[in-house]
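A.B. asks: sequence unavailable; structure follows:
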């Protein structure tokens with residue numbers, strides 16, 4: 001077990017390099033994951049790992065990949081995207097006038113999720129169009145998202161007809177999203193626990209972001225997500241998450257992983 005002083009040393013280093021605050025994570029799980037990451041880096045103790053972390057970009061990248069739970073592939077949980085398209089989206093559109101659909105992809109990581117949403121909306125031919133605010137705490141992940149270039153591993157769930165329609169080959173194993181998708185997405189750095197949120201979204205997607213948060217931090221996040229929703233709007237959370245006290249936030253359970261603002 002790491003001491004509180006060691007955990008604080010790590011927290012400060014990670015916060016400085018990535019913007020991620022480990023103080024909001026459950027301590028037991030944090031201890032296990034950090035021990036594994038430090039051993040993988042070949043460091044003998046916390047001090048040696050912190051030195052590597054602050055001076056070697058590849059160590060930071062390895063930390064990001066192993067610590068964060070990212071929605072790292074397009075159309076992850078395809079059946080839920082199908083439910084979004086066939087059940088949730090028609091209900092949202094029935095409540096709106098001809099204005100653009102407003103969507104927030106929170107904790108978007110490298111962009112697979114907001115681009116997947118954009119493809120779905122393009123296929124639905126929304127009369128008022130759509131706007132996606134895609135946010136994450138990680139600068140590097142956002143830069144990758146803005147680039148919009150992915151290997152085949154990230155695209156395995158994309159149907160072949162959509163793959164041909166929305167992606168352009170960059171090399172043998174890398175493909176770029178078409179510019180028409182990028183025009184509808186704004187990528188910005190945002191910390192769910194610290195920063196203010198925008199308002200009046202019709203759909204907020206925040207999947208597998210709070211899974212390792214302490215209960216107090218989860219409540220902060222769910223409250224902010226609920227506040228950001230328009231009345232009648234929907235919140236989509238991760239397959240490993242559940243809001244036990246949804247009514248406290250003005251939400252009602254609709255189906256697994258979907259909640260609606262009352």
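C.D. replies: The structure has been received and is ready for your questions. As the structure is a computational prediction, the values presented were derived from the model and not from experiment.
A.B. asks: from now on I want contacts and neighbour counts done on CA atoms only, so please keep to that.
C.D. replies: Fine.
A.B. asks: grab the nearest non-local neighbour of residue 120.
C.D. replies: residue 85 (7.2 Å; C-alpha to C-alpha, 6 or more residues apart in numbering).
A.B. asks: look up how far residue 162 lies from that neighbour.
C.D. replies: Note on residue 85: its distance to residue 162, by C-alpha to C-alpha, to the nearest Å, is 15 Å.
A.B. asks: compare these two and say which one has the larger neighbour count.
C.D. replies: Neighbour totals were compared for residue 85 and residue 162, and residue 85 leads with 17 against 12 (other C-alpha atoms under 10 Å).
A.B. asks: tell me the pLDDT at the more buried one?
C.D. replies: Model confidence at residue 85, given as pLDDT, is 97.
A.B. asks: make sure I have this right: it is in a helix.
C.D. replies: Yes - counting by DSSP: H, G, I helix; E, B strand; the rest coil, residue 85 falls inside a helix.
A.B. asks: thinking it is in contact with residue 118, fair?
C.D. replies: No - judged on C-alpha atoms under 8 Å, residue 85 makes no contact with residue 118 at a distance of 11.6 Å.
A.B. asks: so who does residue 177 touch?
C.D. replies: Residue 177 makes contact with 115, 148-149, 166-168 under the criterion C-alpha atoms under 8 Å, 6 or more residues apart in numbering.
A.B. asks: neighbours of residue 242, just the number please.
C.D. replies: 15.
A.B. asks: whoops, residue 155 was the one
C.D. replies: 21.
A.B. asks: just residue 207 next, same as before
C.D. replies: 23.
A.B. asks: find the nearest non-adjacent residue to it, please.
C.D. replies: residue 238 (3.8 Å).
A.B. asks: repeat for residue 186
C.D. replies: Residue 186 sits nearest to residue 133 (C-alpha to C-alpha, 6+ apart), 5.1 Å away.
A.B. asks: so for the host helix or strand of that neighbour, mean pLDDT?
C.D. replies: Here residue 133 sits within strand 130-136, counting by DSSP states H and E. Averaging pLDDT along strand 130-136 gives 96.
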